[in-house]
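Engineer: my questions concern the predicted model and sequence given below.
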Amino acid sequence: MSLQLASLIGLSNDDGPAYNPRLTQRNRTSNNKTMSSLRFYYDLMSQPSRSLFIIFRLSGMQYEDCVVALRNGEHLTDEFKQNINRFQRVPCINDNGYKLGESIAILRYLSAKGKIPEHLYPKYFVEQARVDEFLEWHHITLRVTCALYFRTIWLDPLLTGRTPSEAKIETLRMHMERNLDIVEEVWLNKKEFLTGPTLTVADIFAACEIEQTRMADYDVRIKYPKIRAWLKRVRQSCNPHYDAAHHIVYKISGTGPQAKL
Ligand SMILES: N[C@@H](CCC(=O)N[C@@H](CS)C(=O)NCC(=O)O)C(=O)O
């Protein structure tokens with residue numbers, strides 16, 4: 001990722017502390033309490049990072065915030081690869097020396113350790129399977145197509161100076177909307193939340209992915225009334241953490257959460 005990206009998108013260190021390559025010195029306590037043995041590495045520009053950020057905060061978990069500015073290429077150093085995450089991605093954790101990447105693996109690991117409340121990620125296998133069904137579906141459908149739409153329309157032009165063709169945008173929009181249609185018609189069919197009557201991690205992962213498309217000027221609320229109402233419910237159920245996680249998305253997209261159509 002270009003080192004100039006931060007200035008191109010108008011983000012300053014006020015939007016997240018800059019990375020100090022001396023990793024041991026850059027950790028802040030997040031929840032204003034004592035230092036924890038769990039370190040959470042994330043960037044709020046990253047959808048799965050925001051999901052875990054919200055889940056951790058809703059869970060009241062103790063952890064150290066380790067902000068990684070992807071926009072400055074902080075994850076691309078050898079030190080990051082060796083000491084933080086060999087895949088050079090966020091989110092990832094270090095739990096008392098145990099390093100783990102992949103948001104869903106992290107979620108399941110912390111749930112198994114009893115750190116995630118059951119109402120967010122059920123322990124009973126039948127209920128858990130319903131949430132897992134969404135998470136598995138999401139990763140290769142909604143996530144891939146929303147992320148590709150965002151990347152091609154917003155990020156790539158910033159990095160390369162080239163705008164995608166109308167035909168390409170249209171194709172990507174069609175692929176994304178195929179999955180948004182499924183969320184609207186299937187997952188939200190006669191339900192307040194994606195997997196039942198109450199909020200779970202499934203809703204949080206999905207909402208963070210869909211919110212990313214705001215930055216590519218896509219307004220999901222226009223075509224999808226159920227998604228629109230559901231996003232409001234998710235935000236309400238997760239706030240103040242939802243808005244804290246999305247403040248950079250709101251700033252870059254120029255659309256606050258209350259913005260009208
Ligand atoms: N499947 C991974 C995806 C992680 C991922 O793609 N992270 C992106 C940000 S959303 C990243 O770190 N990208 C850095 C890069 O590609 O250089 C998860 O769910 O945690």
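Structural biologist: Perfect, thanks for sending it.

Engineer: what about stretch 166-178, distance to the chain center?
Structural biologist: Here stretch 166-178 shows a centroid-to-chain-centroid distance of 22 Å under the convention CA atoms, centre = their mean, to the nearest Å.

Engineer: hmm, who's touching it?
Structural biologist: Contacts made with stretch 166-178 from outside it, assessed by CB atoms under 8 Å, 6 or more residues apart in numbering, are listed as 145, 146, 148, 149, 152, 153, 164, 213, 218, 223. Backbone N, C-alpha and C define where each C-beta goes, glycine included.

Engineer: now with 10 Å?
Structural biologist: 141-142, 144-153, 163-165, 180, 184, 210, 213, 216, 218, 220, 223-224 (CB atoms under 10 Å, 6 or more residues apart in numbering).

Engineer: just the ones of those residues in helices?
Structural biologist: Judged by DSSP state H, those include 142, 144, 145, 146, 147, 148, 149, 150, 180, 210 as members of helices.

Engineer: number of nearby residues for the third one?
Structural biologist: I take that to be residue 145. Neighbourhood size, residue 145 [other CB atoms under 10 Å]: 21.

Engineer: for residue 219, see how far away it is.
Structural biologist: 16 Å (CB to CB, to the nearest Å).

Engineer: the fourth one now?
Structural biologist: From residue 146 over to residue 219 the distance is 13 Å, taken as CB to CB.

Engineer: and these two? Which one has more around it.
Structural biologist: residue 146 (27 against 14).

Engineer: can you tell me the closest non-neighbouring residue to that one?
Structural biologist: residue 209 (4.8 Å; CB to CB, 6 or more residues apart in numbering).

Engineer: wait, what's in contact with that neighbour?
Structural biologist: Residues near residue 209 by CB under 10 Å, 6+ apart: 47-48, 50-51, 138-139, 142-147, 150, 179.

Engineer: at 6 Å what do you get?
Structural biologist: Counting by CB atoms under 6 Å, 6 or more residues apart in numbering, residue 209 touches 47, 142, 143, 146.

Engineer: ignoring the adjacent residues along the chain, who's closest to the third one?
Structural biologist: With sequence-adjacent residues excluded and distances taken as CB to CB, 6+ apart, residue 143 is closest to residue 209, at 5.2 Å.

Engineer: in contact with residue 100: list those residues for me.
Structural biologist: Neighbouring residues of residue 100 by CB under 6 Å, 6+ apart: 93, 106, 109.

Engineer: can you tell me the SS state at it?
Structural biologist: strand (DSSP: H, G, I helix; E, B strand; the rest coil).

Engineer: check the gap between it and the ligand for me.
Structural biologist: Here the criterion is CB to the nearest ligand atom, to the nearest Å. By it, residue 100 lies 10 Å from the ligand.
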